[in-house]
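In: have a look at this prediction, sequence included:
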Amino acid sequence: MPSYSRLFAALCGLATTAVAVNPLIVDGKDFVDSVTKDRFQIIGVDYQPGGSSGFSGDSDPLSDKASCLRDAALMQRLGINTIRVYNLATNVSHDDCASIFNAAGIYMLLDVNSPLPNGSLDRTAPWTTYDLDYLQRIFSVVEAFKNYPNTLGFFAGNEVINEQSTKEVPAYIRAVQRDLKDYIAKNVQRPIPVGYSAADVRDILVDTANYMSCEISNATSSRSDFFGLNSYSWCGDSSYTKSGYDVLTADFANASLPAFFSEYGCNLVEPRVFTEVQALYGEDMTQAFSGGLVYEWTQEANNYGLVQINDNNTVTLLIDYDNLQKQFDKIDVKRIESSNTTQTSVKPVPCSADLITGNFLNTFDLPARPQGVDDLIQNGVKGATVGKLVSVSSQEIPNTVYDYTGKVISGIRLNALQNNEVNTPGSNTSGSSSDGNGTSSATGTAASATHTGAASRQHSSGVLSTFGAVVALAVSLAW
């Protein structure tokens, strides 16, 4: 049970803040709304405008209010409920952007690592980078985002394990997860899930998932809370079997944690038609997976974008955006939101060497924490930038937006959701397109939002109005 002081602090923080979403928790192999207990499926997009090469540490995609307003409105129109952000600065304010996405009913999955010095583990020699400076940096990411209710979780690593990594790497990733989760348990008002994002390297995929998801009796906090998979095996108008999705479904059918596609959307066939959406959110795969995130939002040099940000700050919605929207609109949201006791009753298996079938690390002794880290966990990062929600209102975006044929789409707006609502496909469409002669046609149908319940890359604001809701959230915390 949480302490009364933590309950009171959580109540005071939420009662005065505009809240559009309830925090999510992990229950068995599902993400679950902490208040309603409804299941949550990720309908998401990977969000890194400018690409990883443009990250300097002085700003990030969630520190630009104007861009976040523009993109949140366009994502809301598309049906997105989750974004993933790869590179984050720890010394800037994220309040505006986090609050905008919160008001839009969109959660955030956040990578704690960065390409800057002391920003990530070296997969060839992880013991050289697993140090106090590194851990202080990733704890600072937790501090920056811990108070936003739409912070869904933190990725402790992304594709660190591959053919080039040393055999010891998995143990270091579990050590990082342990450290992050222990820091959260000591310094955050609610549990925030921590997990890993894996490359779709089939030879080691199942071993990776088994290693990350099993339970070490003397290091239970080192276990992944969720498992992301970066998979690009469905290209063009493929099929459930041709793409190997049937194999992935079988591989993760008995997983004991939420698994999802942390990246998907092969671009070997263009334009992308995204027929894999119907498989991913269909009856076969939703028993094994919790949705996925399309790679990626903005058009970069690798040609995976859904939207093009033009030099004059106008936006072009590419044909991939339209194709994806059509597929999202077919999702049976009510079905995928339904809770399932079979899913939530799953328990992790104990770690043992027989879980590993290939040439993969099969021992579970984790590295000891570097000197000074225990004190950092006990006392928290000093002087860290700590975020808080700010008020956000419904508003039309100022940017000129074009569809892929060049027609102007007018009237696109951010709809600040009420009563803990989460964005869903078809629920918050806005804007109409002009044919250039003054006539216009609607681009989507409006409906009310629903409550929460709802291998390597193949390159070529509502108010939480009741005390009872806060109490329900607090009672759900497992410390």
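Out: Yep, it's here. Numbering: from 1, shown residues only.

In: just the helices in the chain please.
Out: All helices of the chain, identified by DSSP state H, fall at 4-15, 65-78, 95-103, 132-145, 169-187, 202-213, 245-252, 276-280, 319-328, 333-337, 341-344, 373-379, 467-475.

In: list the contacts of the shortest one.
Out: Think helix 341-344. Under the criterion Cβ atoms under 8 Å, 6 or more residues apart in numbering, residues 27-30, 32, 39, 287 lie in contact with helix 341-344. No exception for glycine: its C-beta is placed from N, CA and C like everyone else's.

In: most neighbours, which of the residues you listed?
Out: Counting neighbours by other Cβ atoms under 10 Å, residue 29 comes out on top of the contacts of helix 341-344 with 27 neighbours.

In: for that one, give its distance to residue 256.
Out: When distance is defined by Cβ to Cβ, to the nearest Å, residue 29 is 6 Å away from residue 256.

In: joint contacts of the two?
Out: Common contact partners of residue 29 and residue 256 (Cβ under 8 Å, 6+ apart): residue 346.

In: which residue is the nearest non-sequential neighbour of the spatially most central residue of the chain?
Out: In the chain, the centroid-proximal residue (Cα atoms, centre = their mean) is residue 109; its distance is 2.7 Å. Once flanking residues are discounted, residue 109 sits nearest to residue 84: 4.4 Å by Cβ to Cβ, 6 or more residues apart in numbering.

In: from residue 226, how far out is that neighbour?
Out: In this view, residue 84 and residue 226 are 12 Å apart by Cβ to Cβ.

In: likewise residue 92?
Out: Distance from residue 92 to residue 226, counting by Cβ to Cβ: 27 Å.

In: how about stretch 113-132: buried residues?
Out: For stretch 113-132, burial by neighbour count (16 or more other Cβ atoms under 10 Å) applies to 113-114, 119-123, 126, 129-130.

In: and these as TSV, adding pLDDT and distance to residue 44?
Out: Shown next, in TSV, are these (pLDDT from 0 to 100; distance: Cβ to Cβ, whole Å):
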residue	pLDDT	distance to residue 44
113	97	19
114	94	21
119	94	24
120	96	22
121	97	25
122	95	29
123	95	26
126	97	29
129	98	29
130	98	29
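
In: and which of those residues is nearest to residue 314?
Out: Nearest to residue 314, judged by Cβ to Cβ, of these is residue 114 at 30.0 Å.

In: can you tell me the closest non-neighbouring residue to the closest one?
Out: Spatial nearest neighbour of residue 114, excluding adjacent residues (Cβ to Cβ, 6+ apart): residue 87 at 5.0 Å.

In: surely the one you found and residue 52 touch.
Out: Yes: at 5.8 Å, residue 87 and residue 52 qualify as touching, with contact defined as Cβ atoms under 8 Å.

In: overlap in contacts, these two.
Out: residue 115.

In: mind checking which of those two has more residues around it?
Out: Legend: neighbour count by other Cβ under 10 Å for residue 87 and residue 52, higher for residue 87 (22 against 12).

In: need the pLDDT of that one.
Out: pLDDT for residue 87: 95.

In: also residue 15?
Out: pLDDT recorded at residue 15 is 37.

In: same check, this time on residue 363
Out: Residue 363 is assigned 97 on the pLDDT scale.

In: contacts only, for residue 207.
Out: Applying Cβ under 8 Å, 6+ apart to residue 207 gives the contacts 355-358, 360.

In: any low-confidence regions in the stretch 351-479 of the chain?
Out: Across the stretch 351-479 of the chain, residues meeting the criterion (pLDDT under 70) sit at 434-479.

In: recalculate using a threshold of 50.
Out: Along the stretch 351-479 of the chain, segments meeting pLDDT under 50 span 436-479.

In: quick one, strands of it?
Out: Here the stretch 351-479 of the chain has its strands, by DSSP state E, counting those that start in this stretch, at 395-396, 401-402, 408-410, 413-414, 421-422, 432-434, 440-442, 450-451.

In: how long is stretch 396-414 from one end to the other?
Out: Using Cα to Cα, to the nearest Å, one end of stretch 396-414 lies 6 Å from the other.

In: for that stretch, buried residues please.
Out: 397, 399, 401-404, 407-409, 412-414.

In: work out the gap between that stretch and the centre of the chain.
Out: Offset of stretch 396-414 from its chain centre (Cα atoms, centre = their mean, to the nearest Å): 26 Å.

In: what sits up against it?
Out: Here stretch 396-414 makes contact (Cβ under 8 Å, 6+ apart) with 69-70, 72-74, 76-77, 100, 103-104, 313-319, 321-322, 392, 394-395, 430-436, 440, 443.

In: before we move on, what about stretch 369-387?
Out: By Cβ under 8 Å, 6+ apart, stretch 369-387 touches 90-95, 98, 130-132, 135-136, 139-140, 143-148, 175, 179, 182-183, 186-187.

In: of these, just the buried ones, ChimeraX syntax please.
Out: Per 16+ other Cβ under 10 Å, the buried members of the contacts of stretch 369-387 correspond to this ChimeraX selection:
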select :90,92,93,94,95,98,130,135,136,139,140,143,144,145,146,147,148,175,179,182,183,187
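
In: so in terms of bridging, what pairs with residue 33?
Out: Note on residue 33: beta-bridge partners by DSSP bridges are residue 24.

In: and it, how many residues sit next to it?
Out: Using other Cβ under 10 Å, residue 33 is surrounded by 26 other residues.

In: that one and residue 26 touch, don't they?
Out: No: taking contacts as Cβ under 8 Å, residue 33 lies outside contact range of residue 26: 11.6 Å.

In: how close does the residue nearest to residue 109 get to residue 210?
Out: Residue 84 sits 24 Å away from residue 210, going by Cβ to Cβ.
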